[in-house]
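> take this sequence and fold it.
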Amino acid sequence: MFHSRPAGGSRARRHRYIREEIKSDREKNMATSVSIARLCTLTRRTVVSFSSRQSPAVYQLTGRCYVSGSTGKSLQFKLDERTAHSSLDLFKKNTGVIYRVLGLDPSQVQDNPERFRDWSVVFGDEKISSGRHYWEVTVKKSQEFRLGVAEALMSREDCVGTNSSSWVFSYAQRKWSAMTNNKIVPVTLVGKPDRIGILFDYDAGLLGLVDTGKPAILHSIRAQFKGPLCPAFALWDGELLTHSDMEEPEGLK
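Presented below is the predicted three-dimensional model:
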């Protein structure tokens, strides 16, 4: 940030002053980046990348420290109450969802053609038609759920994973599986982490389940996506908390 210009002086002196201010700002940004890198090192976390040309942003993902100089727009979404089944309550500014055994009387829920009536499903409020995106979900308080993406116009009479319009990773009975069109593929050697990542590359036709601790893709679903898609969630126990507006961890393929 420039300070006010000194009074008086020639144009050359003013230009020299501005150049000195620019140099000072660059040095401050470099110092900030180095300080953050040093902090990550001291806390035994991993510095992935940073740029001295920009003020870095810091992301702490399950014990790791990510420093990114990227100013690219990352996907940011909340859960769309208009789509939420009557058994689901949203909380924390619509970034979390909790399952209620009884739920609300469907007749008391605002009539909306976008709402799921038969299944405990809720969509994110952003539609995706291109690009590569990453988000995470805290799952430690649930024992049965599905995470993935679905076509925005998917039938509200279906559950995600049971048709050709949705692609999800399911966790139930302490086991993971990949699901689409009612086809179930077991996902082994995952366990039950407190937090899991979702990598979605629309153009490459990839949906990945990500171990946030390494980070690494544990399993991927390949498909040819068409039309706008939304982040999709189903829940039959406990609660989920979403984390969007995140940089993709470096090294995921």
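
> got the domain ranges for the protein?
The chain breaks down by automatic domain parsing into domains covering 11-68, 81-243.

> format those as CSV; extra columns: mean neighbour count.
In short, each C-beta sits where N, CA and C put it, glycine included. Below are these laid out as CSV (neighbours: other Cβ atoms under 10 Å):
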stretch, mean neighbour count
domain 11-68, 14
domain 81-243, 18
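
> JSON lines for the ones you listed, including distance to P249 and mean pLDDT?
Below are these laid out as JSON lines (distance: least, Cβ to Cβ, whole Å; pLDDT from 0 to 100):
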{"stretch": "domain 11-68", "distance to P249": "6", "mean pLDDT": "41"}
{"stretch": "domain 81-243", "distance to P249": "4", "mean pLDDT": "94"}
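
> can you say which of the ones you listed is nearest to S74?
Closest approach to S74 among the domains of the chain (Cβ to Cβ): domain 81-243, 7.2 Å.

> before we move on, back to that, to L252, which of the domains of the chain lies closest?
domain 81-243 (5.8 Å).

> distance between the ends of that closest one?
17 Å (Cα to Cα, to the nearest Å).

> from now on call the first residue 38
OK, 38 is where the count begins now, so the last one is domain 118-280.

> if we can go back for a sec, which one of the domains of the chain lies closest to E287?
Nearest of these (Cβ to Cβ): domain 48-105, 4.4 Å.

> one step back: reformat the domains of the chain as TSV; add distance to E287.
Putting the domains of the chain into TSV (distance: least, Cβ to Cβ, whole Å) gives the following:
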stretch	distance to E287
domain 48-105	4
domain 118-280	8
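
> tell me which helix or strand comes right after the strand or helix carrying F270.
Element membership for F270 (DSSP states H and E) is strand 266-272. Where DSSP H and E defines the elements, the next helix or strand beyond strand 266-272 is strand 276-280.

> within the sheet, what are the partner strands of that following strand, with directions?
strand 133-136 (antiparallel), strand 169-175 (antiparallel) (DSSP bridges).

> what is the next helix or strand after the longest one packed up against?
Remark: after strand 169-175, the chain's next helix or strand is strand 182-188, criterion DSSP H and E. Using 3 or more Cβ pairs under 8 Å, 6 or more residues apart in numbering; DSSP states H and E as the contact test, the elements touching strand 182-188 are strand 203-209, strand 232-238, strand 243-248, strand 266-272.

> helices or strands next to the second one in the packing?
Put plainly, it is strand 232-238. Counting contacts by 3+ Cβ pairs under 8 Å, 6+ apart, strand 232-238 packs against strand 169-175, strand 182-188, strand 243-248, strand 266-272.

> what's the angle from the helix or strand following the third one to strand 232-238?
With elements assigned by DSSP H and E, the helix or strand that comes after strand 243-248 is strand 253-259. Here strand 253-259 runs at 40 degrees with respect to strand 232-238, directions being taken by axes from the mean of the first three to the mean of the last three Cα atoms, to 10 degrees.

> paired strands for strand 253-259, with orientation please.
strand 243-248 (antiparallel).

> pull the residues that contact the partner strand.
With Cβ atoms under 8 Å, 6 or more residues apart in numbering as the test, strand 243-248 has contacts from 171, 173, 184-186, 204, 206, 213, 215, 224, 227, 230, 233-238, 253-260, 286, 289.

> on that earlier part again, can you put the strands paired with strand 276-280 in JSON lines and add distance to L127?
Output for the strands paired with strand 276-280, formatted as JSON lines (distance: least, Cβ to Cβ, whole Å):
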{"stretch": "strand 133-136", "distance to L127": "6"}
{"stretch": "strand 169-175", "distance to L127": "14"}
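
> so which of those strands is nearest G275?
strand 133-136 (6.4 Å).

> next helix or strand past the closest one?
Strand 133-136 is succeeded, C-terminally, by strand 158-160 (DSSP H and E).
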